[in-house]
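Participant: Sequence and computational prediction follow.
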Amino acid sequence: MISKLMLQFKSPQLRLLLVLLLALILRTINLGELAYMHDELSVLSRVNYSSFSELIEQGVIPDFHPPLVQVAMFYWVKLVGFNEWIVKLPFIIMGILSVYFVYWIGRKWFSENTGIAAAAFMACSEQALQYTQIIRPYGSGVFLGLLLVISFIKGFEEENTSIKFKILFSVLLALCGYNHHFSLVFAGVFGVLALLLIRKNDFLSYVLFCVLGALLYLPNVSIFLKQMSYGGIGEWLGKPSNNFIYVYFNYLSHYNAVLLSLLAFCLLASFVYFFSVNGSFKRHLFICIALFFIPFLLAFIYSIKVNPVIQFSTLYFSAPFLILGLFSFLTFIKIKPIFINTGLIAMVVAMLSTLVYSRNYYGIMAYQPMERYTQLSYEALQKYPTKKVLINTENWFIDFYQQKNNTPFKFESFHQKGYTENDFINWLNTGNETYFIGANLPENWTILAKHYFPYVIKKEFGFTYEWFLFSKKPFKSEFEPIFSEAANKENKWEIKGIAAEDGVQEITTALESDLVKTFNISEIIKNRNYYLALTAEIKLKEKIEDALLVESIEPIYGGEAYDWRAASFKEQINCNDTLHWQPVGMMNRVNIIYSSDNLLRNSRLKTFIWNNKKGHFLVRNFKLSIYEGNKEVFKLYYE
């Protein structure tokens with residue numbers, strides 16, 4: 001029906017109406033299924049303050065983000081409550097309006113065809129959909145940024161400018177800064193680039209309104225400086241890889257070769273016209289491309305040299321202008337509307353099919369960690385009662401869904417309490433429970449739990465979450481290694497220690513390392529979606545300071561390691577206990593280390609015990625195991 005209409009209609013208004021209708025449907029079709037993500041619950045957990053000043057001091061400053069969204073939610077939930085769809089509604093509305101704003105700017109700066117193509121791309125984009133459906137400052141930042149550019153066009157660029165749009169421009173400059181640090185960067189970069197479009201007699205007026213915007217932002221400066229003093233997000237966010245921008249373009253094209261090729265063609269075609277056409281087209285295209293790549297380069301260089309901050313979300317503020325730039329070449333394509341419409345339909349169909357099937361966007365968004373942890377744990381406890389329930393996240397998040405869904409149960413959380421692996425093991429062994437429920441466990445805790453509760457009755461993996469039901473009682477286990485190799489001479493491990501008894505190696509103070517083997521990674525795993533686990537049992541001959549289980553992933557032809565990880569004995573065992581065998585273990589996600597399956601081919605895995613403190617101990621059951629991993633843990637961002 002829509003396809004026939006798009007092939008036949010010539011009215012720009014009808015094309016725009018269909019694109020906006022598509023944007024509306026895609027953003028609301030799953031509205032009743034949407035649960036809150038972790039970061040959304042973080043926002044909502046910081047709204048129950050008695051005063052505005054308390055909100056700023058305790059709810060805004062400790063967070064790394066500016067106050068706009070947090071303050072808006074402070075008042076919004078007082079008005080409408082906490083139901084997901086109504087709380088998310090303003091962001092969905094801003095997302096739909098953003099699609100229209102992209103069209104409007106594209107039509108003004110380039111052509112009708114550029115505007116409608118860019119709007120159609122935004123309507124179907126996974127990135128745009130996700131940030132429209134969550135209460136975070138990304139969708140609002142795009143909305144404000146696009147409105148900022150529109151107010152500039154209406155206030156300074158058009159022939160008949162209006163003072164009200166100049167004032168709005170100043171207000172929006174400040175609001176971008178109050179929304180997110182990178183929407184502030186976007187506003188600042190645009191403020192400078194817009195000088196290319198300012199008429200000489202408007203220069204002083206433009207500067208004065210920019211100064212007004214800066215003055216309106218001043219109340220946030222003290223908050224910004226306090227937040228910056230905390231050091232940012234580099235503690236958990238790693239430095240970007242050199243191919244970050246290539247991966248982002250893959251993400252933008254839904255990891256689909258056809259759509260990626262389309263973007264590459266559009267980029268090439270637009271650059272051809274950039275170098276062959278002068279006038280306003282060239283200036284506008286330069287601004288669109290610069291608006292994307294200047295913030296990208298600033299974030300990338302800062303992330304490498306100072307502190308990691310770059311993520312796909314930080315590029316979203318500028319993404320609409322990259323898309324406008326990509327489709328700008330359509331300004332000069334003079335063909336019948338039916339061919340343009342056919343191309344639009346083909347692009348939309350490709351984006352929708354990848355969005356729904358290969359990316360499984362709606363399936364992933366329907367299952368969010370905190371609601372799943374609560375529901376799964378409650379259901380498991382009805383059949384497998386236990387006092388050992390550990391959901392390693394903020395208590396408020398679980399309490400919220402327990403109250404909302406009427407699923408009460410007692411649980412522990414070690415989140416942000418500084419608990420070590422040893423503390424976890426001691427807690428796990430307190431009492432005599434048959435079952436253990438673990439959610440959001442660090443990988444090492446998961447493999448250690450499996451030593452004490454060997455059978456996994458049920459597990460569920462999803463986007464950013466894992467949930468396990470462990471058992472001491474024998475069951476058909478859902479979490480068993482697909483490959484396991486014991487450290488022995490038959491398996492060609494390098495063994496230097498003394499064979500104390502059958503299957504037991506004695507590592508003396510004279511040995512620096514033992515039980516060494518190097519594996520070609522591509523021979524033991526098919527792709528990145530696996531866990532690598534090292535486990536052993538240790539019996540001390542005397543008290544020790546420490547020793548390490550080590551996994552080193554290196555280039556197959558030598559060079560600096562891609563990844564080096566170790567598990568410390570002192571964090572997992574009692575280093576004074578010389579009477580008992582004690583388990584040690586480590587487990588790592590391969591998909592954290594590699595951004596592409598192709599990188600596995602030229603890598604090797606070296607495993608060993610590093611006796612770095614020259615201890616004296618026995619080792620048995622040392623082995624490398626490989627488990628099926630969580631294929632969806634980063635699926636909204638990666639393949």
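Facilitator: That came in fine, so what should we check first?

Participant: Glu537 in helix, strand or coil?
Facilitator: For Glu537, the assignment made with DSSP: H, G, I helix; E, B strand; the rest coil gives strand.

Participant: contacting residues for it?
Facilitator: Glu537 is in contact with Trp581, Gln582, Pro583, Val584, Val619, Arg620, Asn621, counting by C-beta atoms under 8 Å, 6 or more residues apart in numbering. Backbone N, C-alpha and C define where each C-beta goes, glycine included.

Participant: The last one falls within a strand, correct?
Facilitator: Yes - counting by three-state DSSP, Asn621 is located in a strand.

Participant: Could you tell me which residues make contact with it?
Facilitator: Counted by C-beta under 8 Å, 6+ apart, Asn621 has contacts Ala486, Gly503, Thr535, Ala536, Glu537.

Participant: what are the ranges of the helices in the stretch 451-600 of the chain?
Facilitator: Assigned by DSSP state H, counting those that start in this stretch, the stretch 451-600 of the chain shows helices spanning 521-524, 590-593.

Participant: And the last one, what does it pack against?
Facilitator: Contact here means 3 or more C-beta pairs under 8 Å, 6 or more residues apart in numbering; DSSP states H and E; on that basis helix 590-593 packs against strand 530-540.

Participant: quick one on the thing from earlier: winner for burial among the helices of the stretch 451-600 of the chain?
Facilitator: Each of those was scored by mean neighbour count; the highest is helix 590-593, a mean of 19, by mean count of other C-beta atoms under 10 Å.

Participant: and that one, C-alpha only, in CSV?
Facilitator: Extracted in CSV, the C-alpha atoms of helix 590-593 (Å, rounded to 0.1, in the frame of the first residue of the first chain):
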residue,chain,number,x,y,z
VAL,A,590,36.3,-12.6,23.8
ASN,A,591,33.9,-10.0,22.3
ILE,A,592,35.3,-7.3,24.7
ILE,A,593,38.8,-7.9,23.2
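
Participant: Need the nearest residue in space to Ala214, chain neighbours excluded.
Facilitator: Nearest residue to Ala214 in three dimensions, chain neighbours excluded: Leu173, at 7.3 Å (C-beta to C-beta, 6 or more residues apart in numbering).

Participant: repeat for Phe203
Facilitator: Per C-beta to C-beta, 6+ apart, closest to Phe203 is Leu195, 7.8 Å.

Participant: same deal with Phe101?
Facilitator: Leu146 (3.8 Å).

Participant: go on, Phe414?
Facilitator: Per C-beta to C-beta, 6+ apart, closest to Phe414 is Asn392, 5.8 Å.

Participant: Strands of this protein, start to end?
Facilitator: 389-391, 435-439, 455-462, 465-471, 483-486, 498-501, 504-507, 513-520, 530-540, 548-555, 563-568, 582-589, 603-610, 617-628 (DSSP state E).

Participant: where among these is the average confidence lowest?
Facilitator: Lowest mean pLDDT of these: strand 498-501, a mean of 79.

Participant: just checking, what packs against it?
Facilitator: Partner elements for strand 498-501 (3+ C-beta pairs under 8 Å, 6+ apart): strand 504-507.

Participant: Quick check: the gap between Gly115 and Lys613.
Facilitator: 66 Å (C-beta to C-beta, to the nearest Å).

Participant: More neighbours: which of those two?
Facilitator: Neighbours per residue (other C-beta atoms under 10 Å) separate Gly115 from Lys613, with Gly115 holding more: 26 against 14.

Participant: Wait, the more buried one touches Val99, no?
Facilitator: No - the pair Gly115 / Val99 is not scored as a contact, 10.5 Å apart, by C-beta atoms under 8 Å.

Participant: Low-confidence stretches in this structure?
Facilitator: 1-10, 230-236 (pLDDT under 70).

Participant: 80 - rerun?
Facilitator: Under the criterion pLDDT under 80, the flagged ranges of the chain are 1-11, 161, 228-238, 416-418, 500-502, 558, 595-599, 601.

Participant: which residues are contacting stretch 574-583?
Facilitator: Residues contacting stretch 574-583 (C-beta under 8 Å, 6+ apart): 422, 448, 451-452, 535-546, 569, 572-573, 620.

Participant: one more time with 7 Å
Facilitator: 448, 451, 535, 537-545, 569, 573 (C-beta atoms under 7 Å, 6 or more residues apart in numbering).

Participant: from the residues you listed, which would you call buried?
Facilitator: Leu448, His451, Thr535, Glu537, Ile538, Lys539, Leu540, Ile544, Phe569, Ile573 (16 or more other C-beta atoms under 10 Å).

Participant: got a list of what the first one touches?
Facilitator: Right, the one you point to is Leu448. Glu421, Ile425, Gln572, Pro583, Gly585.

Participant: where's it relative to Ala536, distance?
Facilitator: Taking C-beta to C-beta, one finds Leu448 at 12 Å from Ala536.

Participant: just the helices in the stretch 101-250 of the chain please.
Facilitator: Going by DSSP H, counting those that start in this stretch, the stretch 101-250 of the chain shows helices at 112-124, 126-132, 137-152, 163-179, 181-193, 203-217, 221-229, 244-252.

Participant: just so I know, which of the ones you listed lies nearest Lys383?
Facilitator: Lys383 sits nearest to helix 126-132 of all the helices of the stretch 101-250 of the chain, at 35.0 Å, using C-beta to C-beta.

Participant: What is that closest one packed up against?
Facilitator: helix 12-28, helix 84-109, helix 137-152 (3 or more C-beta pairs under 7 Å, 6 or more residues apart in numbering; DSSP states H and E).

Participant: at 8 Å instead, please
Facilitator: helix 12-28, helix 84-109, helix 137-152, helix 244-252, helix 361-365.

Participant: Buried deepest among those helices, which one?
Facilitator: On a mean-neighbour basis (criterion: mean count of other C-beta under 10 Å), the most buried of those is helix 137-152, at a mean of 26.

Participant: Convert the C-alpha atoms of that one to PDB, please.
Facilitator: This file holds the C-alpha atoms of helix 137-152, laid out as PDB (Å, rounded to 0.1, in the frame of the first residue of the first chain):
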ATOM      1  CA  PRO A 137      20.200  13.200  26.900                       C
ATOM      2  CA  TYR A 138      20.900  11.900  23.400                       C
ATOM      3  CA  GLY A 139      17.600  12.200  21.700                       C
ATOM      4  CA  SER A 140      16.900  15.500  23.400                       C
ATOM      5  CA  GLY A 141      20.400  16.700  22.400                       C
ATOM      6  CA  VAL A 142      19.700  16.000  18.700                       C
ATOM      7  CA  PHE A 143      16.300  17.700  19.000                       C
ATOM      8  CA  LEU A 144      17.900  20.800  20.500                       C
ATOM      9  CA  GLY A 145      20.800  20.800  18.100                       C
ATOM     10  CA  LEU A 146      18.500  20.600  15.000                       C
ATOM     11  CA  LEU A 147      16.300  23.300  16.500                       C
ATOM     12  CA  LEU A 148      19.400  25.400  17.100                       C
ATOM     13  CA  VAL A 149      20.300  25.200  13.400                       C
ATOM     14  CA  ILE A 150      16.700  26.000  12.300                       C
ATOM     15  CA  SER A 151      16.600  29.100  14.600                       C
ATOM     16  CA  PHE A 152      19.900  30.200  13.100                       C
END
